[in-house]
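Enquirer: Next come a sequence and a model predicted from it.
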Amino acid sequence: MSTNTETPSAIPVILLGEFETTAKAFSEAILPDFEVVYLSTIPDLAIKALPSVLRGQAPAYLQPSDKAKLETASSAPKAIIIAGPAFDDVFITNAQQTIAAAADDLHVPFFKREDNGLIIDGAGSADAVAVAVAKTPDIEELAARVVKVLKKAVEEGKLEGEDDGVYVY
(Lines give C-alpha, C1' and ligand atoms only; values in the text may rest on other atoms or scores of the structure.)
Protein backbone atom coordinates (compact mmCIF):
# COMPACT_ATOMS: atom_id res chain seq x y z
CA MET A 1 0.00 0.00 0.00
CA SER A 2 1.50 3.31 -0.99
CA THR A 3 0.88 6.54 0.79
CA ASN A 4 1.08 9.97 -0.67
CA THR A 5 3.19 12.12 1.62
CA GLU A 6 2.96 15.19 -0.58
CA THR A 7 0.99 17.96 1.10
CA PRO A 8 -0.94 20.50 -0.90
CA SER A 9 0.40 24.04 -1.02
CA ALA A 10 -0.76 26.43 1.62
CA ILE A 11 -3.27 28.98 0.36
CA PRO A 12 -1.63 32.42 0.27
CA VAL A 13 -3.31 35.17 2.30
CA ILE A 14 -2.68 38.77 3.31
CA LEU A 15 -2.55 39.68 7.01
CA LEU A 16 -3.27 43.20 8.24
CA GLY A 17 -2.43 43.76 11.89
CA GLU A 18 -0.84 46.34 14.12
CA PHE A 19 2.05 44.50 15.75
CA GLU A 20 4.71 42.48 13.95
CA THR A 21 5.32 40.20 16.94
CA THR A 22 1.65 39.26 17.12
CA ALA A 23 1.45 38.92 13.34
CA LYS A 24 4.37 36.49 13.37
CA ALA A 25 2.67 34.28 15.96
CA PHE A 26 -0.65 34.52 14.10
CA SER A 27 1.05 33.66 10.78
CA GLU A 28 2.70 30.59 12.27
CA ALA A 29 -0.57 29.45 13.85
CA ILE A 30 -2.49 29.37 10.54
CA LEU A 31 0.07 27.10 8.88
CA PRO A 32 0.04 24.60 7.17
CA ASP A 33 -3.31 25.35 5.51
CA PHE A 34 -2.76 29.07 4.95
CA GLU A 35 0.39 31.12 4.51
CA VAL A 36 0.79 34.84 5.07
CA VAL A 37 2.59 36.14 1.99
CA TYR A 38 2.15 39.83 2.76
CA LEU A 39 1.83 41.63 6.09
CA SER A 40 1.05 45.28 6.66
CA THR A 41 0.84 47.05 9.99
CA ILE A 42 0.05 50.46 8.48
CA PRO A 43 -3.45 51.02 7.05
CA ASP A 44 -2.48 53.77 4.57
CA LEU A 45 0.41 51.72 3.21
CA ALA A 46 -1.80 48.64 2.93
CA ILE A 47 -4.42 50.53 0.90
CA LYS A 48 -1.77 51.59 -1.63
CA ALA A 49 -0.14 48.15 -1.83
CA LEU A 50 -3.18 45.86 -2.00
CA PRO A 51 -3.89 46.03 -5.75
CA SER A 52 -0.35 45.02 -6.72
CA VAL A 53 0.00 42.50 -3.89
CA LEU A 54 -3.26 40.84 -4.97
CA ARG A 55 -1.68 40.36 -8.39
CA GLY A 56 1.33 38.71 -6.75
CA GLN A 57 3.60 41.71 -7.28
CA ALA A 58 5.75 42.69 -4.32
CA PRO A 59 6.00 46.36 -3.32
CA ALA A 60 9.53 47.78 -3.65
CA TYR A 61 9.84 48.48 0.08
CA LEU A 62 9.61 44.80 1.12
CA GLN A 63 12.69 43.01 2.39
CA PRO A 64 14.11 40.46 -0.08
CA SER A 65 12.87 37.47 1.97
CA ASP A 66 9.35 38.94 2.12
CA LYS A 67 9.40 39.68 -1.63
CA ALA A 68 10.41 36.10 -2.30
CA LYS A 69 7.57 34.79 -0.15
CA LEU A 70 5.00 36.73 -2.19
CA GLU A 71 6.59 36.11 -5.57
CA THR A 72 7.03 32.35 -5.07
CA ALA A 73 3.58 31.71 -3.62
CA SER A 74 1.55 29.06 -5.40
CA SER A 75 -0.86 31.81 -6.51
CA ALA A 76 -1.84 35.38 -5.74
CA PRO A 77 -3.30 35.94 -2.26
CA LYS A 78 -6.83 34.55 -1.96
CA ALA A 79 -8.03 36.35 1.19
CA ILE A 80 -7.32 39.36 3.38
CA ILE A 81 -7.32 38.74 7.12
CA ILE A 82 -7.91 41.74 9.38
CA ALA A 83 -6.30 41.18 12.78
CA GLY A 84 -5.97 44.68 14.20
CA PRO A 85 -8.42 47.39 15.26
CA ALA A 86 -6.77 50.08 13.09
CA PHE A 87 -8.02 48.11 10.09
CA ASP A 88 -11.67 48.90 10.78
CA ASP A 89 -14.83 48.92 8.66
CA VAL A 90 -13.88 52.29 7.13
CA PHE A 91 -10.53 50.80 6.12
CA ILE A 92 -12.26 47.78 4.56
CA THR A 93 -14.61 50.01 2.55
CA ASN A 94 -11.70 52.15 1.34
CA ALA A 95 -9.64 49.07 0.49
CA GLN A 96 -12.51 47.53 -1.49
CA GLN A 97 -12.94 50.78 -3.45
CA THR A 98 -9.20 50.95 -4.16
CA ILE A 99 -9.10 47.33 -5.31
CA ALA A 100 -12.19 47.81 -7.50
CA ALA A 101 -10.74 50.98 -9.07
CA ALA A 102 -7.40 49.31 -9.75
CA ALA A 103 -8.80 46.24 -11.48
CA ASP A 104 -12.41 45.44 -12.12
CA ASP A 105 -11.66 41.73 -12.35
CA LEU A 106 -9.92 41.52 -8.97
CA HIS A 107 -12.09 40.15 -6.16
CA VAL A 108 -10.92 38.99 -2.76
CA PRO A 109 -12.87 38.48 0.45
CA PHE A 110 -11.98 40.13 3.75
CA PHE A 111 -12.09 38.25 7.05
CA LYS A 112 -12.34 40.44 10.15
CA ARG A 113 -12.38 39.68 13.84
CA GLU A 114 -15.75 39.47 15.47
CA ASP A 115 -14.37 41.64 18.25
CA ASN A 116 -12.21 43.98 16.14
CA GLY A 117 -10.98 45.86 19.14
CA LEU A 118 -8.78 45.18 22.11
CA ILE A 119 -9.14 46.79 25.50
CA ILE A 120 -6.26 46.41 27.88
CA ASP A 121 -6.72 47.70 31.42
CA GLY A 122 -3.93 50.01 32.52
CA ALA A 123 -2.27 50.24 29.12
CA GLY A 124 -1.12 53.82 28.89
CA SER A 125 1.36 53.80 26.06
CA ALA A 126 1.81 52.24 22.66
CA ASP A 127 4.72 50.19 24.04
CA ALA A 128 2.55 48.83 26.84
CA VAL A 129 -0.15 47.89 24.35
CA ALA A 130 2.40 46.21 22.06
CA VAL A 131 3.75 44.11 24.93
CA ALA A 132 0.26 43.21 26.11
CA VAL A 133 -0.90 42.22 22.64
CA ALA A 134 2.23 40.20 21.94
CA LYS A 135 1.57 38.20 25.13
CA THR A 136 -2.15 37.80 24.52
CA PRO A 137 -2.89 34.09 24.95
CA ASP A 138 -5.77 34.20 22.49
CA ILE A 139 -3.60 34.58 19.36
CA GLU A 140 -3.75 30.85 18.73
CA GLU A 141 -7.49 30.83 19.42
CA LEU A 142 -8.00 33.70 16.96
CA ALA A 143 -5.89 31.88 14.39
CA ALA A 144 -7.93 28.71 14.91
CA ARG A 145 -11.13 30.72 14.39
CA VAL A 146 -9.88 32.28 11.15
CA VAL A 147 -8.64 28.92 9.85
CA LYS A 148 -12.07 27.40 10.49
CA VAL A 149 -13.81 30.25 8.62
CA LEU A 150 -11.25 30.20 5.79
CA LYS A 151 -11.63 26.44 5.33
CA LYS A 152 -15.40 26.88 5.09
CA ALA A 153 -14.84 29.68 2.54
CA VAL A 154 -12.62 27.33 0.50
CA GLU A 155 -15.34 24.65 0.55
CA GLU A 156 -17.92 27.22 -0.58
CA GLY A 157 -15.69 28.51 -3.39
CA LYS A 158 -15.33 31.99 -1.90
CA LEU A 159 -11.57 32.09 -2.49
CA GLU A 160 -11.81 31.50 -6.22
CA GLY A 161 -11.58 35.16 -7.24
CA GLU A 162 -15.29 35.93 -7.57
CA ASP A 163 -16.15 36.95 -4.01
CA ASP A 164 -15.32 40.30 -2.40
CA GLY A 165 -17.49 39.96 0.69
CA VAL A 166 -16.62 40.64 4.31
CA TYR A 167 -16.80 37.71 6.71
CA VAL A 168 -16.41 37.51 10.48
CA TYR A 169 -14.20 35.04 12.32
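Expert: All right, it came through fine.
Enquirer: what mean pLDDT does the longest helix anywhere in the chain have?
Expert: If you go by DSSP state H, the chain has its longest helix at helix 139-155. Confidence for helix 139-155, expressed as mean pLDDT, is 95.
Enquirer: just use 16 as the starting number from now, easier for me
Expert: With 16 as the first residue, the last one maps to helix 154-170.
Enquirer: now for the following helix or strand past that helix, which elements pack on it?
Expert: The first helix or strand that comes after helix 154-170 along the chain, using DSSP states H and E, is strand 181-183. Judged by 3 or more C-beta pairs under 8 Å, 6 or more residues apart in numbering; DSSP states H and E, strand 181-183 is in contact with strand 125-127, helix 154-170. From N, CA and C alone the C-beta is placed, and that goes for glycine too.
Enquirer: Can you give the contact residues for the first one?
Expert: Same thing as strand 125-127. Residues from elsewhere that reach strand 125-127 (C-beta atoms under 8 Å, 6 or more residues apart in numbering): 94-97, 102, 104, 107, 110-111, 161, 164-165, 168, 179-184.
Enquirer: Tell me which strands that strand pairs with, and in which orientation.
Expert: Strand 125-127 sits in its sheet next to strand 95-97 (parallel), strand 181-183 (parallel), going by DSSP bridges.
Enquirer: and for the last one, what are the contacting residues?
Expert: When contacts are defined by C-beta under 8 Å, 6+ apart, strand 181-183 is touched by residues Ile107, Pro124, Phe125, Phe126, Lys127, Arg128, Glu129, Val164, Ala168, Lys173.
Enquirer: That'll do, ta.
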